[in-house]
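In: Sequence and predicted model, in that order:
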Amino acid sequence: MKIITDIEEMKSVSRKLKKSSKKLSFVPTMGKLHRGHMKLIEEAKKYGETAVSIFVNPMQFGQNEDLDKYPRDFEGDVGILSDLEADYLFYPGKDIAENTETFLINPERSAELEGAFRPAHFQGVLTIVMKLFCIAEPDFAFFGLKDYQQYLLIKKMAGDYFLNVRIIPVETVREKCGLAMSSRNAYLNENDKKEACAFYGALKKTAALFKAGEKSATVLSAFVIKELIERSFKIDYAKIMDEELRMEKKTAEPGDILIAAVRFKGVRLLDNIFLD
């Protein structure tokens, strides 16, 4: 595996691949790799030579968020990527974000859900992902569905700017108990992690209630909120939306998504489940 820290070198690698008609798969990450990232990389390898980026993006952290203490383990990440036989690790310095004066934002769709609680978050995400796309010029890019709103916004951005990259979603990887894999899970001790598994359990119970015949989104939302509160979760939101997250539903239908964010033991957790 080749480790690249220079922007121009990463561009050069991409150009050489294109000249040889090889495809480049790209997996943007903030490091502290876990089995969810590994699944993204495994999928990426099916499509072409694989580049993984590691950059803890300061633009997507708000004031009083966990930028300084965000989990980092570069040596461990290099070991994981070597074992997975990734072709390239792109590890840019802070200059990729410094002195930026032009930002990307989707004003309407970034303001809901995560955007309501983290106002500058998606501006930071979209701006840096666009920079990474401009540098690597990948043919394919892979994003996990745990961060479903992020996936949709990046997909829309790629379409709006006619980028020659196909955005490919990858199913959420979970602990045995159902807790969605996340780098921030490292903040939880083992006992707390077991208790946090009730988050996905509440989403599954709500999906089962829908499958049993309950179609009122009000009833379903009230049910999941009650389940979460009883298990000591602090709820930022828990909503039933259409698949494109354009509208909160009054009557739930197959294909809608129950999407939620909670806080547990000081850790913010995201998850979702589709209704069928």
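Out: Good, I have the coordinates. In this text the structure is predicted, and so the values were computed from the model without any measurement.

In: Phi, psi for residue 218 please.
Out: Main-chain torsions, residue 218, degrees, to the nearest 10: phi -60, psi -50.

In: Tell me, how many residues neighbour the spatially closest residue to residue 157 that is not a sequence neighbour?
Out: Nearest in space to residue 157, with sequence neighbours left out and distances taken as Cβ to Cβ, 6 or more residues apart in numbering, is residue 126 at 5.5 Å. C-betas here are computed from N, CA, C, even on glycine. As a burial measure, residue 126 scores 22 neighbours (other Cβ atoms under 10 Å).

In: try residue 75
Out: Residues near residue 75, counting by other Cβ under 10 Å, number 8.

In: any idea how far it lies from residue 54?
Out: In this view, residue 75 and residue 54 are 12 Å apart by Cβ to Cβ, to the nearest Å.

In: same deal with residue 239?
Out: For residue 239 relative to residue 54 (Cβ to Cβ), the value is 32 Å.

In: Settle it for me: which of those two has more neighbours?
Out: Per other Cβ under 10 Å, whichever of residue 239 and residue 54 has more neighbours is residue 54, with 23 against 20.

In: surely that one meets residue 73?
Out: No. Residue 54 sits out of contact with residue 73 when judged by Cβ atoms under 8 Å, with a separation of 10.0 Å.

In: Between the two, which contacts overlap?
Out: Taking Cβ atoms under 8 Å, 6 or more residues apart in numbering as the criterion, residue 54 and residue 73 both touch residue 31.

In: what sits up against the longest helix along the chain?
Out: The helix that spans the most residues within the chain, counting by DSSP state H, is helix 121-136. Helix 121-136 has contacts (Cβ under 8 Å, 6+ apart) with 7, 10-11, 14, 24, 26, 28, 51, 53, 55, 57-62, 90, 92, 96-97, 100, 102-106, 110, 114-115, 141, 149-150, 153-154, 157-158, 161, 163, 165.

In: next structured bit after that helix?
Out: Downstream of helix 121-136, the first helix or strand assigned by DSSP states H and E is strand 140-144.

In: helices and strands around that following strand, which ones?
Out: When contacts are defined as 3 or more Cβ pairs under 8 Å, 6 or more residues apart in numbering; DSSP states H and E, strand 140-144 packs onto strand 24-29, helix 35-45, helix 148-160, strand 166-170.

In: got the CA coordinates for the first one in CSV?
Out: Extracted C-alpha coordinates of strand 24-29, given in CSV (Å, rounded to 0.1, in the frame of the first residue of the first chain):
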residue,chain,number,x,y,z
LEU,A,24,-10.4,4.2,-8.9
SER,A,25,-12.6,3.4,-5.9
PHE,A,26,-12.5,6.0,-3.1
VAL,A,27,-13.4,5.7,0.6
PRO,A,28,-13.3,9.0,2.5
THR,A,29,-12.9,8.5,6.3
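
In: so what strands line up beside that strand?
Out: With DSSP bridges as the test, strand 24-29 is paired with strand 49-54 (parallel), strand 140-144 (parallel).

In: Pick the most deeply packed of the ones you listed.
Out: With neighbours defined as mean count of other Cβ atoms under 10 Å, these peak in mean count at strand 49-54, which reaches a mean of 25.

In: what element comes up after it heading to the C-terminus?
Out: helix 74-84.

In: other SSEs contacting that next one?
Out: Checking 3+ Cβ pairs under 8 Å, 6+ apart, helix 74-84 ends up next to helix 35-45, strand 49-54, strand 88-90.

In: Let's see that with 7 Å instead.
Out: When contacts are defined as 3 or more Cβ pairs under 7 Å, 6 or more residues apart in numbering; DSSP states H and E, helix 74-84 packs onto helix 35-45.

In: ok, residue 67 touching residue 61?
Out: Yes. Between residue 67 and residue 61 there is a contact under Cβ atoms under 7 Å: 4.0 Å.

In: quick one: which of the two has more around it?
Out: More crowded of residue 67 and residue 61, by other Cβ under 10 Å: residue 61, with 17 against 14.
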